[in-house]
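1. Next input, structure requested:
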Amino acid sequence: MSMHGSPSRFAVAACLAMLLSACATTTRQPSTVVDAGMYDAAFKGCSPVAQDEPAVGNWLAVRKEPGIAGEIRLQIRLQADGSMHYVEQLKRGNRPPQSLDETGCWYREEGTLVLRTTHSNGSQVDAQDPIYVNRHAIAALDGKGMALNMHGKEIRLRRASPDYRLPIL
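-> The predicted structure is shown next:
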């Protein structure tokens with residue numbers, strides 16, 4: 001984008017770049033329980049979770065952030081086979097959403113949801129890079145909702161129907 005465009009277009013682009021940068025750096029942290037390099041080297045694929053695992057499901061949050069025009073939509077699908085699909089969209093008016101789309105594996109470790117990305121926006125990631133292991137403290141979890149500590153904030157997600165997908169407008 002040219003800096004000669006309107007100031008508002010440049011400001012919106014700068015806000016989006018900061019948001020996506022924050023998502024890529026703030027939420028991705030190596031495991032503090034196991035050395036991230038050893039974990040990644042040993043990674044062979046997703047492992048099924050317990051049959052009665054309450055986090056299995058399709059989770060959705062829609063929120064506004066100060067200083068960001070539009071709304072942020074988050075969908076996390078946690079499957080019983082240990083696979084996950086994470087989508088975060090920035091939706092502004094009638095414009096197509098800009099998004100981060102990741103797939104991989106998940107598990108719970110005590111009070112923490114661990115998401116391990118294997119593909120980001122359709123591309124395979126480097127399994128040796130600890131940036132692709134995300135840990136989020138679970139503040140609450142029941143049949144209708146889950147609250148996760150993400151981006152330094154508590155994000156409340158509601159359970160959505162199993163076939164729900166964020167719209168691609």
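2. how far away is residue 131 from residue 139?
-> 24 Å (Cβ to Cβ, to the nearest Å). For every residue, glycine as well, the C-beta is placed using N, CA and C.
3. Quick one: residues in contact with stretch 65-77.
-> Contact with stretch 65-77 is made by 12, 15-16, 19, 57-64, 84-93, 97, 115, 155, 157, 160, 164-166, as judged by Cβ atoms under 8 Å, 6 or more residues apart in numbering.
4. Report the mean per-residue pLDDT for the strand or helix carrying residue 76.
-> Per DSSP states H and E, residue 76 falls inside strand 71-78. Averaging pLDDT along strand 71-78 yields 96.
5. Quickly run through the sheet partners of that strand, with directions.
-> strand 57-63 (antiparallel), strand 83-91 (antiparallel) (DSSP bridges).
6. Can you select the buried ones from the contacts of stretch 65-77 in ChimeraX?
-> The buried subset of the contacts of stretch 65-77, as determined by 16 or more other Cβ atoms under 10 Å, is captured in ChimeraX by this line:
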select :12,15,16,19,57,58,59,60,61,84,85,86,87,88,89,90,91,97,115,155,157,160,166
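7. in this protein, which strand has the most residues?
-> The longest strand of the chain (DSSP state E) is strand 98-109.
8. can you give me the strands in this protein?
-> With DSSP E as the definition, the chain shows strands at residue ranges 57-63, 71-78, 83-91, 98-109, 112-120, 123-124, 133-141, 145-150, 153-160.
9. residue contacts, residue 142?
-> Residue 142 makes contact with residue 54, according to Cβ under 8 Å, 6+ apart.
10. beta partners of the spatially most central residue of the chain?
-> In the chain, the C-alpha nearest the mean C-alpha coordinate belongs to residue 86, at 4.6 Å (Cα atoms, centre = their mean). Beta-bridge partners recorded for residue 86 (DSSP bridges): residue 76, residue 102.
11. swap in the one 5 residues further on?
-> Beta-bridge pairing of residue 91 under DSSP bridges involves residue 71.
12. any idea how far it lies from residue 74?
-> From residue 91 across to residue 74, the span is 11 Å (Cβ to Cβ).
13. do the same with residue 149
-> In terms of Cβ to Cβ, residue 149 sits 13 Å off from residue 74.
14. Those two: who's more crowded?
-> Taking other Cβ atoms under 10 Å, residue 149 and residue 74 do not tie; residue 74 has more neighbours (20 against 16).
15. So which of the strands paired with strand 71-78 is nearest residue 104?
-> strand 83-91 (5.8 Å; Cβ to Cβ).
16. That closest one to strand 112-120, inter-axis angle?
-> Taking axes from the mean of the first three to the mean of the last three Cα atoms, to 10 degrees, one finds strand 83-91 and strand 112-120 inclined to each other by 80 degrees.
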